[in-house]
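*Asks:* I'd like to go over a predicted model; first the sequence, then the structure.
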Amino acid sequence: RQFLAAAVLSGLASGCGSSSGSGSDPAAFRTELRVPPLLKPKVGEDGTRTFALTMQRGRSEILPGKPVETWGFNGPHLGPTIRAARGDKVRMTVTNRLDEPSTVHWHGMRLPAKMDGGPHQTIEPGGTWTPHWTIDQPAATSWYHPHPHGQTAKHVYRGLAGMFIIDDQSVPGLPSRYGVDDFPLIFQDKNLAEDGSPTGDPLKGTFGILGDHMLVNGTYQAFVNVRTEQVRFRMLNGSNARMYHLSFADRRTFHIVGNDAGLLAAPVEVDQVSLTPGERVEVVVTFAAGEQVLLRTLAGSDDIDEGDFDLLKIVAAPRLAASPPLPARLGGPATIVVPPNATVRRFRLNGHDAINGKEMDMSRIDEVIPAGAVEIWEIENTVYAHNFHIHEVAFQVLDVDGDKPAAYASGHKDTVYVPPKSTVRLAVQFGRFTDPAMPYMYHCHILRHEDSGMMGQFVIVKPGTENQVSRTIAAHH
Ligand code: C2O
Ligand code: CU
Ligand code: CU
């Protein structure tokens, strides 16, 4: 590993790349950050907001002047940002204009299983899927991406992903003007061929893709202009495998205000934050007029975090609009209380293609959960880096090898890093939508692992009916 890191660094010195180690040339960051447009819904008579998404192939320039094939929603690469408020009735029309089946999963959303967009909700080429639900969860930064059985890594790597912002009561003082003082940042790494097109087999090796070109919102070597003293960044790790350790070049501190599934109770000051695939964090950063600073990721020691790379240059205007002070309380969701008799379930991760020794099988129900339960899920990792994502739920990390999680990761989450040879315990709050025949997923969000079978299925059922549930369901893929 040491040798590899050294090789990456000397590659830099010879000028072949993107990465930085001791610091890349800030002048190289000269493409303006793409900010995904907000998707405008059609508002029906009963108030239902209908959002239209089309999965399509297109051409975009990852390297300037080199158009290459990418996939996107409503455009050539990535997708628009969906924004909806608690209480909204939403409806999605998702049309598949690819040449192969896919699905669209609403990662982080609390909704009925048949609306979830997992591998059972296939959209055939030319087909349209129209899930609908009522948004009923706290403010959060969620996202959407394909989830076809065994093909998620490929579909995401080609470019299919977008943000889904959920609003709840506004928190005065928290920047919230989209594209002005509130920016989405989707981090993805790619390997690029000579002609600028993403290369590499996302199902190869232990982890699949670990790229050496860092994109933010699909933009390589991007800069963003900011005009306010305080700026909120909604950060999403949309990478296939890479873990980021994010910090600023000058090691300034900033505040974490939200985790995957909601705001924190109060801002937490840090100078670095780590994100594994699928995780989100909301941060607020303070800038001085006229300054420039690079956001970077620093190498770690867990195989999926090799190399130092600069990601984004932030350019503060010569005069900045004053921002109100950051609120002392954010009103994040209440602590998940574990009842004394809570069910404990154990999940063992070894290798990269199974959980508890079983490979994902779409016709097998692995766990049956009574609606509304709070359970302890204990995830034991006996090998190298993994993470763990559970659909539909919100959870809090109780401990990692017995230690409390970092304060900034104490909020509600749906995806968590499970370090090599360690055990993470979660307090998991399940929802109330029951369907004994349609499962939700839990899995490692390193897409190479998810696709090769490190995934399981659970159903939520009416309490007391757990034993009547058939453990086998009809499934085709
Ligand atoms: Cu973001 Cu099952 O996935
Ligand atoms: Cu999910
Ligand atoms: Cu994994």
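*Replies:* That came through fine. Ligands and ions are numbered 1, 2, ... in the order given.

*Asks:* domain ranges for the protein?
*Replies:* Residue ranges for each domain of the chain read 2-24+173-321, 42-167, 344-468, as given by automatic domain parsing.

*Asks:* hmm, the shortest one in reach of ligand 1?
*Replies:* The one in question is domain 344-468. Yes: Domain 344-468 reaches ligand 1 (Cβ under 6 Å from any ligand atom) through 389, 391, 441, 443, 445. Just so you know, the C-beta spots here come from the backbone N, C-alpha and C atoms, and that holds for glycine as well.

*Asks:* is it possible to export the domains of the chain to a markdown table including mean neighbour count, mean pLDDT and distance to residue 33?
*Replies:* A markdown table is the format used below for the domains of the chain (neighbours: other Cβ atoms under 10 Å; pLDDT from 0 to 100; distance: least, Cβ to Cβ, whole Å):
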| stretch | mean neighbour count | mean pLDDT | distance to residue 33 |
| --- | --- | --- | --- |
| domain 2-24+173-321 | 19 | 90 | 4 |
| domain 42-167 | 20 | 98 | 12 |
| domain 344-468 | 19 | 98 | 24 |
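
*Asks:* How about the residues of this protein by ligand 3?
*Replies:* Within the chain, the positions near ligand 3 by Cβ under 5 Å from the ion are 386, 444, 446, 449.

*Asks:* doesn't residue 387 make contact with the third one?
*Replies:* In other words, residue 446. Yes: with contact taken as Cβ atoms under 8 Å, residue 446 and residue 387 are classed as touching, separated by 6.6 Å.

*Asks:* overlap in contacts of these two?
*Replies:* Shared between the contact lists of residue 446 and residue 387 (criterion: Cβ atoms under 8 Å, 6 or more residues apart in numbering) are residues 276, 277.

*Asks:* next helix or strand past the lengthiest strand in the chain?
*Replies:* In the chain, taking DSSP state E as the definition, the longest strand is strand 49-63. Later in the chain than strand 49-63, the nearest helix or strand by DSSP states H and E is strand 66-73.

*Asks:* just the CA coordinates of that next one, formatted as CSV?
*Replies:* Output in CSV follows, covering the C-alpha atoms of strand 66-73 (Å, rounded to 0.1, in the frame of the first residue of the first chain):
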residue,chain,number,x,y,z
LYS,A,66,-13.7,15.7,-25.7
PRO,A,67,-17.3,14.7,-26.0
VAL,A,68,-17.9,11.1,-24.9
GLU,A,69,-20.9,8.8,-24.3
THR,A,70,-22.4,9.2,-20.8
TRP,A,71,-25.8,8.3,-19.4
GLY,A,72,-28.1,10.7,-17.6
PHE,A,73,-31.7,11.6,-16.5
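
*Asks:* what helix or strand is the nearest residue to residue 400 once chain neighbours are set aside on?
*Replies:* Excluding its sequence neighbours, the residue lying closest to residue 400 (Cβ to Cβ, 6 or more residues apart in numbering) is residue 424, at 5.1 Å. Secondary structure from DSSP H and E places residue 424 in strand 422-429.

*Asks:* Next, find the distance separating the closest residue to residue 305 other than its chain neighbours from residue 307.
*Replies:* Excluding the flanking residues, the one nearest residue 305 by Cβ to Cβ, 6+ apart is residue 243, at 4.2 Å. Computed as Cβ to Cβ, to the nearest Å, the residue 243 to residue 307 distance reads 11 Å.
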